[in-house]
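Asks: any chance you could fold what I've pasted below:
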Amino acid sequence: MAPSDAIDDVPTITDASDKVALGVKCEILPSYPQPLHDSTGGPAFAARLKGSSRADLLGYICNSGYPARSDIAQMLRAIDNRSFIKNIDGQVVQWPDGKRYYAFVTERPAAPRYYTDLQSVRQPLHEDIVGRQFVAPLTSALSDIEAAGTAHGAVRLTNIYWQEGGSTPPQLGECLSVPSGIGQPLLFESPERAVCPPPNRGPAQTCDDMYGLGVCAALMTLGQNPMRQLDDQTMLRMKLERGSFNSFMGNVRLTSSLTELLRGLLADDPRARWDIEDLEQWVNGRRLTPKPAEFGRKSTRSFTFADKEYSQAKTIARAMTQNIAAAVKVLETDALDSWLRRSLGDEARADDLAFALETVKAKGKTPRYEDLLVTHVSMALDPIAPIMYRGVNVMPGGIASALADAVRTNGNVQVLGEIIGNQLATFWVNLQKEAKTELVPLSQSIEKVKPHIEKNSYGSGVERAAYELNPALPCLSPMILSQYVLAPKELLPALESISRSSARPREPMDRHIAAWCIVRARKTDRTFAPLGMSDNPQQRGLALINLFADMQSRYGPERLPGLSQWIYPLAEPVVHRFHNRQLQETLREQLKLAAERGSFAMLAKLVDDPRMVQKDEQEFEAASLLHAAAAREIRTLERQIKNHKETADKYGRPAATYVACLIAVGMLIINIFRAFNS
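Replies: Predicted coordinates for the structure are as follows:
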């Protein structure tokens, strides 16, 4: 398919009954899809400002299953640059299919996509057009994005809107619908990111945008993708072995200025790659001194590993991670250290190798000793490459998104947990000499979740780590996954919406919701401790009722009848904490009424009123004492009945004597009285 030469017309819509409001300003029109603008994260629809009949905006529905980059939406809305399609607004919306998605609205592009696919062949562009009309305006946009505190992460020809010879500059397309790396073709990723699966690449940095821009400029200069016939693995191997610039440009003759641009942007070592300031200087006509790079240094004598010859440290590093047993044998000798110092002439890398060996050996022979040994060594040999551990390649900055994706898809979280637990990210950061200071917060954030990974209590574990590391990650609980819950105020309405479902679980709580509440709603671990007590339903019921009562009072809504009646059966064990049966029946009636009203405050007051509990305890204690006294009296009487002869002797004779005396005294008094009267 050739590059697009036309742009769709802006629809004029006088009436749309199924419009979906987004914020206070915009509305999306589900009946008017815009397939020419569909993104990696989901379809595009016509959108407009409320009250307008012209649908001159675009609304994107992020329904891919990946979390949107909602955490940077506010940053991007502040950018006003003609070469970046302006973001208007974004939030979670209720879509006609009954599910909730993150959605955002942007301005409509002023031109069609420059490329609709990467197989197209077209006329190469002149250097002046590439530099002045394409690179220069996009440099301005990328500079503004960096100044806003983020990176675009989706710089590719199929996400750039431009018409050569048109009156408008090229425009960068949306970058919010999916995390960085998702949907980005391997062609536009630097080698260190390309060896990782898309979710493991992590948030893009400005240097990654620079690389993507360099690939765009190279393809426009050539008029085609020189690697369009290659599969991803062959393409990656070519980049790793030949370098990106040589892989794209080969023997093509270029002017010195264009060569400088492409070499600067396509540098495989990110430390040698141009930054925004370098690119701005080139745009302004200044010549730049190439930055030194050690990435491609070759040795004077090759190193033999597993019957193959290698002349670069980075290729040895990758080969070792693919053959652990052979690598361990080599590392038991000094052969690699000698080769680094004598044949490669790299004392610094040899010192890093020694540091890696000492670090692992100091921890002793752990169950994963050999895997850890080879991984540490591979990082020492190729410090800009990703962490390569037990078949998983992940950039340190990608640990967060990789963990979120593994939790979301029930993937292999075990290996990622070991990467965090063994502090591999911290070791990687320690090897980054020049950039170490700016990377320290990265290692600190990963170290912070290490205790959660190691705990399996309710509210901890990999779920807690995923939410701690990913601020834009919605709650991944299966019961509310379709509700895209991002903020604490959205949790109870989401549970309410599914409360009448026949497929709902026994209780509206699981490990995901617990971990999410601790991180997003700032609850404490102590709040959820009773939920781990499967043998104590009374404490579980109390904990749930009090939690939801607190959240309802903080975030609303005022009525949650469905959720309250969902909780109601769980209150039965709590009712049994009271001893008075009449009180129990009264409580059941009152709880039923509170549930129908949807008030967790009433539920909590009924089952967890300290004064009522204290009064019930006091009455129960008094009744217990009375019962004990009555029981003692009953036992005494029972003994007396059982031993009636002894009882008669002990109590009957004295009683008879006493009665006889009374009768005698009575008769005496009567006789005396008669004597006096006569």
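
Asks: need the three-state assignment for the residue nearest to Ile129 when sequence neighbours are not counted.
Replies: Of all residues not flanking Ile129 in the chain, Glu164 sits nearest, at 7.1 Å (Cβ to Cβ, 6 or more residues apart in numbering). Any C-beta I mention is one placed from the backbone N, CA and C, and that applies to glycine too. Taking DSSP: H, G, I helix; E, B strand; the rest coil as the rule, one finds Glu164 in the coil state.

Asks: tell me the pLDDT of Glu164.
Replies: Listed pLDDT for Glu164 reads 86.

Asks: one more: Gly652?
Replies: 64.

Asks: from here on, count from 43
Replies: Done: numbering now begins at 43, and the last item shifts to Gly694.

Asks: does the residue nearest to Ile171 really touch Val172, like I thought?
Replies: No. In this structure, Glu206 sits apart from Val172 without contact. The criterion is Cβ atoms under 8 Å, and the distance is 10.4 Å.

Asks: still on that earlier bit, who are the neighbours in contact with the residue nearest to Ile171?
Replies: By Cβ atoms under 8 Å, 6 or more residues apart in numbering, Glu206 lies in contact with Tyr156, Leu167, Ile171, Gln175.

Asks: so which of those residues is the most crowded?
Replies: Tallying neighbours with other Cβ atoms under 10 Å puts Tyr156 at the head of those, with 24 neighbours.

Asks: contacting residues around it?
Replies: Pro45, Ser46, Leu199, Thr200, Ile202, Tyr203, Trp204, Gln205, Glu206, Pro212.

Asks: please name the nearest non-neighbouring residue to Cys217.
Replies: Nearest to Cys217 is Ala196, by Cβ to Cβ, 6+ apart, at 4.4 Å.

Asks: contacts for stretch 584-602, please.
Replies: Counting contacts by Cβ under 8 Å, 6+ apart, the residues outside stretch 584-602 that touch it are 530-531, 533-535, 537-538, 549-551, 559, 563, 565, 569-573, 605, 609, 612-613, 616, 639-643, 645-646, 649-650.

Asks: please point out which parts of it sit buried.
Replies: Leu584, Ala585, Leu586, Ile587, Asn588, Leu589, Phe590, Ala591, Asp592, Met593, Gln594, Leu602 (16 or more other Cβ atoms under 10 Å).

Asks: ok, now stretch 542-553?
Replies: When neighbours are counted by 16+ other Cβ under 10 Å, the buried residues of stretch 542-553 are found to be Glu549, Pro550, Met551, Asp552, Arg553.

Asks: Leu321: which of these is nearest?
Replies: The nearest member of the buried residues of stretch 542-553 to Leu321, counting by Cβ to Cβ, is Arg553 at 46.6 Å.

Asks: what helix or strand is the closest residue to the closest one other than its chain neighbours on?
Replies: Beyond its immediate neighbours in the sequence, the residue positioned closest to Arg553 (Cβ to Cβ, 6+ apart) is Glu505, lying 5.3 Å away. In this assignment (DSSP states H and E), Glu505 forms part of helix 503-511.

Asks: next secondary structure after that helix?
Replies: Under the assignment DSSP H and E, the closest C-terminal helix or strand after helix 503-511 is helix 533-540.

Asks: what residues are up against Ile609?
Replies: Counting by Cβ under 8 Å, 6+ apart, Ile609 makes contact with Glu549, Pro550, Gly583, Leu586, Ile587, Phe590, Ala637, Phe642, Leu645.

Asks: mind checking how far it is from Arg596?
Replies: Distance, Ile609 to Arg596, by Cβ to Cβ, to the nearest Å: 17 Å.

Asks: with Pro77 instead?
Replies: Note on Pro77: its distance to Arg596, by Cβ to Cβ, is 42 Å.

Asks: likewise for Pro520?
Replies: Pro520 sits at a distance of 25 Å from Arg596 (criterion: Cβ to Cβ).

Asks: repeat for Pro166
Replies: Distance check for Pro166 against Arg596: by Cβ to Cβ, it reads 61 Å.

Asks: got it, and Arg295?
Replies: From Arg295 over to Arg596 the distance is 67 Å, taken as Cβ to Cβ.

Asks: same check, this time on Asp159
Replies: Counting by Cβ to Cβ - Asp159 and Arg596 are separated by 50 Å.
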